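A.B. asks: no sequence on hand, only this structure:
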């Protein structure tokens with residue numbers, strides 16, 4: 001659903017290379033950006049259910065966009081989930097001018113200055129925006145939202161100090177994590193990110209149960225034969241233990257999953273509930 005470059009495209013190309021070798025036929029990545037990713041999703045939903053047209057399905061287009069606006073596709077009705085290829089968490093990065101080196105200290109700092117501290121997001125309704133909205137509600141914080149057109153400019157302004165913080169995709173924050181401009185206080189996953197092993201999770205920093213992550217999975221049009229679904233899932237499964245495959249994902253902040261179709265279906269169902277609530281809390285809408 002997105003242009004060349006970026007996390008989703010990287011996962012798609014890594015998966016296509018893997019499946020090309022495993023299936024013995026070319027698997028080609030076709031980038032179809034537009035309409036917040038909906039163009040590609042709709043194209044696959046209306047494609048023949050023969051297994052030859054697949055979707056690299058990102059969480060936002062499957063679980064968030066339908067909660068923000070009317071879409072011509074239904075994530076559960078129109079698709080057959082195959083496997084979640086990889087998932088990545090979010091990292092709360094603050095500018096080093098803030099006198100806070102832990103999440104509790106950051107919360108205390110913000111609570112003493114309601115409405116005065118600004119945070120960046122990759123845009124209204126993006127996972128970075130909604131992750132921050134969920135954390136603000138959980139911690140009882142009042143911050144100023146500064147939406148950007150993408151994660152690149154958002155993290156750039158956080159690094160420059162034009163905004164105080166950015167709860168961004170791990171892949172966006174990682175290049176700056178060891179520098180002198182920002183400090184990473186926490187990550188949003190259930191476990192610490194292997195790329196930042198010394199950074200605690202939000203949950204272990206005083207907010208048990210807090211968890212957000214985003215994923216990219218392979219999905220097929222609904223009514224694709226079950227044998228096709230199972231074959232692709234079976235061929236992807238060994239990738240999670242392949243050093244070459246996992247290292248390609250690791251460098252872009254993604255952990256390989258490559259689970260079963262049933263696991264993908266359960267994750268989609270639960271995440272649609274989580275992110276619909278986040279959309280409600282944030283008030284994000286696409287008219």
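C.D. replies: Nice, thanks for sending it over. Just so you know, these numbers come straight off a predicted model, no measurement behind them.

A.B. asks: where's residue 232 relative to residue 82, distance?
C.D. replies: Remark: distance between residue 232 and residue 82 (CB to CB, to the nearest Å) = 5 Å. Bear in mind the C-beta positions are built from the backbone N, C-alpha and C, glycine included.

A.B. asks: oh, I was asking about residue 245
C.D. replies: In terms of CB to CB, residue 245 sits 16 Å off from residue 82.

A.B. asks: mind checking which of those two has more residues around it?
C.D. replies: Taking other CB atoms under 10 Å, residue 245 and residue 82 do not tie; residue 82 has more neighbours (28 against 21).

A.B. asks: A strand includes the more buried one, no?
C.D. replies: Yes: Residue 82 sits within a strand when classified using DSSP: H, G, I helix; E, B strand; the rest coil.

A.B. asks: report the contact partners of the residue lying closest to it once chain neighbours are set aside.
C.D. replies: Excluding its sequence neighbours, the residue lying closest to residue 82 (CB to CB, 6 or more residues apart in numbering) is residue 218, at 4.4 Å. Applying CB atoms under 8 Å, 6 or more residues apart in numbering to residue 218 gives the contacts 15, 54, 55, 56, 57, 82, 83, 85, 232, 236.

A.B. asks: also residue 48?
C.D. replies: Here residue 48 is in contact with residue 221 (CB under 8 Å, 6+ apart).

A.B. asks: quick check: it vs residue 278, distance?
C.D. replies: Applying CB to CB to residue 48 and residue 278 gives a distance of 35 Å.

A.B. asks: try residue 55
C.D. replies: 23 Å.

A.B. asks: got it, and residue 174?
C.D. replies: 24 Å.

A.B. asks: who's more crowded, these two?
C.D. replies: A count of neighbours by other CB under 10 Å puts residue 278 above the other of residue 174 and residue 278, at 23 against 19.

A.B. asks: in the stretch 1-150 of the chain, which spans are helices?
C.D. replies: If DSSP state H, counting those that start in this stretch is used as the criterion, the helices of the stretch 1-150 of the chain fall at 7-23, 38-45, 59, 65-68, 103-111, 127-139.

A.B. asks: any chance of those in a markdown table with mean neighbour count as columns?
C.D. replies: Formatted as a markdown table, the helices of the stretch 1-150 of the chain follow (neighbours: other CB atoms under 10 Å):
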| stretch | mean neighbour count |
| --- | --- |
| helix 7-23 | 19 |
| helix 38-45 | 20 |
| helix 59 | 25 |
| helix 65-68 | 21 |
| helix 103-111 | 17 |
| helix 127-139 | 22 |
